[in-house]
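Participant: Based on what follows, work out the 3D shape:
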Amino acid sequence: MESNASTKSPDCERRTPSRIGDRSNSDVVVRIRTQDTQDEWFYCHSYILIEKSKYFADRLSDSWPTCQILDSRNCVEVYCQDSDFDYHVSVLRLLYVIVDGSVDDMWHGVKNALGILQVAVKLECPQIITACVKYLEAVSWEESEEEEILKIIPRMGPQAEPILARLQPVTQSAVMGIFFSTIRFATSSPPPIMNDLKTSAQEQLEYMLTEDDDSPLLAADDEIKTEVKECAERLFERFNNQLEALLCEMELFSDGGKILSFQSLLSDLSWACQILTKLEIMRDFVCNWTDASDKIVMVIKQASPASELIETKLKVIEVAAKVLEAIGYGNVILPTAKRLHMVNVWLPFVRVTKPLIDSVVATTGDDASAFKMDGELWQSLESTFVSLILALPSTEQAEILTEWLGNEHIEYPDLTEAFEVWCYRSKVAKRRLSVIAVNHDKIDPH
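Facilitator: The predicted structure is shown next:
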């Protein structure tokens, strides 16, 4: 066998640019083949392979046997899977063109670069690895590409770690900085043209705080809660100011821009309720809404024409439902007088508004998507009223149920459950309380 190609690096060869496939001055053949279907020979130059690939340097060394083929050229066979064949060919070609790790225009996308990178690691081609890592670290990824990167790159060790820089966990201070900026923007009142941006910010805030397959992005500590409460307070203050302005000048409701602004604030308040509920800091908001309830209903009732305010009424009910739920299920504790007041304000408003909304939806059909409320919300609101009523003193319950039984809108909310419980409690009250009195007398020596 003739001396190995690793010993052949004449200066004339190095001075003359070599091209892959140039049979006239090649001294080695690289045979890339798969198990069954593909088999291709490439006329190459040992000094390029040895310089740029440790794999080929080892294969062309005296310690590794090679076979002779036509024209006394050494042959190196490289086996691969069918799916990796083209990537092996690309790496072989890149050995001839890569200079100082720079081949920015030759990767042809993330998927192709990933395939090349895996082969470059296998063939130990440091320049190609470096260039490939720089490319993948710099370009944007599709979601499917990102998932593929997460499967492949962690197995490649430190040399590929820069690719994963954008996926690394960030510090808590960085997360909090993002959160504070986002909550301030999400509870602001930017120009209408920025509403989509604000909606996106609100969605991401919910995502940050939601526990799903992963834990929330940040812990709801006192600093987070304080910031959210302050932002919600400023949001409600702007809503209340607009409410006062509408009370003073009802003709403002004829201004389309004012209506949209009012509706936008209501949408923001509805969203804020969700965040405040997640963080268990709903109390201040509930108190503010309770105090403003009379004004809110008064503004909606006095506005004319009523038909133009269906969407506004719907948004008002969405917020009121969240507030009433917090009170009705004990998440926020209010004194009896305030709970009774909330029932007296919102029960009549809801029972009149629902038929009106249903009528608009039935009349306009598919064009009424903006007026449709989730059926579960109506059902939940009905259950909330039942809970609120049953938590009131029995005399107040009797007054509310008496009015309900004589009202033309008896169908919704359906207070049958509250009525049945009231009847049962009232019938057994003397017997129940007499037992309590007897037991009390047994305990009290006086």
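Participant: CA atoms for contacts and neighbours, from now on please.
Facilitator: Fine.
Participant: Next, Glu77: phi, psi?
Facilitator: phi -100, psi 130 (degrees, to the nearest 10).
Participant: which residues sit in contact with it?
Facilitator: Neighbour list for Glu77: Val30, Arg31, Ile32, Arg33 [criterion: Cα atoms under 8 Å, 6 or more residues apart in numbering].
Participant: ok, now Leu265?
Facilitator: Leu265 sits next to Ser189, Leu235, Phe239 when contact means Cα under 8 Å, 6+ apart.
Participant: again with Gly21
Facilitator: Phe42, Tyr43, Cys44 are the contacts of Gly21 under Cα under 8 Å, 6+ apart.
Participant: And the contacts of the helix or strand encompassing the first one?
Facilitator: Remark: Phe42 resides in strand 39-44, with elements defined by DSSP states H and E. Taking Cα under 8 Å, 6+ apart as the criterion, the residues outside strand 39-44 that touch it are 19-23, 26-33.
Participant: switch the cut-off to 7 Å
Facilitator: Strand 39-44 is contacted from outside by Ile20, Gly21, Asp22, Arg23, Ser26, Asp27, Val28, Val29, Val30, Arg31, Ile32, Arg33, using Cα atoms under 7 Å, 6 or more residues apart in numbering.
Participant: Assign Val29 to helix, strand or coil.
Facilitator: Secondary structure, DSSP: H, G, I helix; E, B strand; the rest coil: Val29 is strand.
Participant: For Pro169, what is the enclosing helix or strand?
Facilitator: Going by DSSP H and E, Pro169 is not in any helix or strand.
Participant: burial of it, as a residue count?
Facilitator: Other residues within reach of Pro169, judged by other Cα atoms under 10 Å, total 9.
Participant: And it, how close does it get to Ser434?
Facilitator: 64 Å (Cα to Cα, to the nearest Å).
Participant: Please apply the same query to Tyr55.
Facilitator: Applying Cα to Cα to Tyr55 and Ser434 gives a distance of 95 Å.
Participant: which one of these two has more residues nearby?
Facilitator: Neighbours were counted for Tyr55 and for Ser434 using other Cα under 10 Å; Tyr55 has more, 16 against 12.
Participant: May I ask which helix or strand encompasses the residue nearest the centre of the chain?
Facilitator: For the chain, the residue nearest the mean C-alpha position is Tyr207 (4.3 Å; Cα atoms, centre = their mean). According to DSSP H and E, Tyr207 maps onto helix 195-209.
Participant: For the contacts of strand 39-44, give me a markdown table that also has distance to Phe180 and pLDDT.
Facilitator: Output for these, formatted as a markdown table (distance: Cα to Cα, whole Å; pLDDT from 0 to 100):
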| residue | distance to Phe180 | pLDDT |
| --- | --- | --- |
| Ile20 | 57 | 83 |
| Gly21 | 60 | 76 |
| Asp22 | 63 | 80 |
| Arg23 | 66 | 77 |
| Ser26 | 64 | 84 |
| Asp27 | 65 | 86 |
| Val28 | 63 | 87 |
| Val29 | 62 | 88 |
| Val30 | 59 | 89 |
| Arg31 | 59 | 88 |
| Ile32 | 56 | 90 |
| Arg33 | 57 | 88 |
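Participant: wait, which of these is closest to Asp414?
Facilitator: Proximity of the contacts of strand 39-44 to Asp414 (Cα to Cα) peaks at Arg33, which lies at 76.5 Å.
Participant: That closest one: what's it in contact with?
Facilitator: Asp39, Glu40, Val78, Tyr79, Cys80.
Participant: again, 6 Å this time
Facilitator: Arg33 makes contacts with Asp39, Tyr79, as judged by Cα atoms under 6 Å, 6 or more residues apart in numbering.
Participant: Counting neighbours, what do you get for Lys430?
Facilitator: Neighbours of Lys430 (other Cα under 10 Å): 11.
Participant: and it, helix, strand or coil?
Facilitator: Per three-state DSSP, Lys430 ends up helix.
Participant: From Leu390, how far off is it?
Facilitator: 18 Å.
Participant: Look up how far Val323 lies from Lys54.
Facilitator: When Lys54 is compared with Val323 (using Cα to Cα), they lie 69 Å apart.
Participant: more crowded one of these two?
Facilitator: Taking other Cα under 10 Å, Lys54 and Val323 do not tie; Val323 has more neighbours (24 against 16).
Participant: residues touching that one, list them.
Facilitator: Val286.
Participant: what about 10 Å?
Facilitator: 270, 273, 277, 282-283, 285-287, 289-290, 317, 331-332, 342 (Cα atoms under 10 Å, 6 or more residues apart in numbering).
Participant: and what of Ala321?
Facilitator: Ala321 touches Ser270, Lys315, Ile327, Trp346, Val350, Leu377, Trp378, Ser380, Leu381, Glu382, Thr384, Phe385, counting by Cα under 10 Å, 6+ apart.
Participant: Pull out the buried members of the contacts of Val323.
Facilitator: Among the contacts of Val323, the ones that count as buried by 16 or more other Cα atoms under 10 Å are Ser270, Cys273, Met282, Arg283, Phe285, Val286, Cys287, Trp289, Thr290, Ile317, Val332, Met342.
Participant: Just confirm Gly109 contacts Trp141, I think it does.
Facilitator: Yes - with contact defined as Cα atoms under 10 Å, Gly109 counts as touching Trp141 (9.3 Å).
Participant: I figured Lys354 hits Glu318, correct?
Facilitator: No - with contact defined as Cα under 10 Å, Lys354 does not count as touching Glu318 (11.9 Å).
Participant: Surely Val78 forms part of a strand?
Facilitator: Yes - according to three-state DSSP, the state of Val78 is that of a strand.
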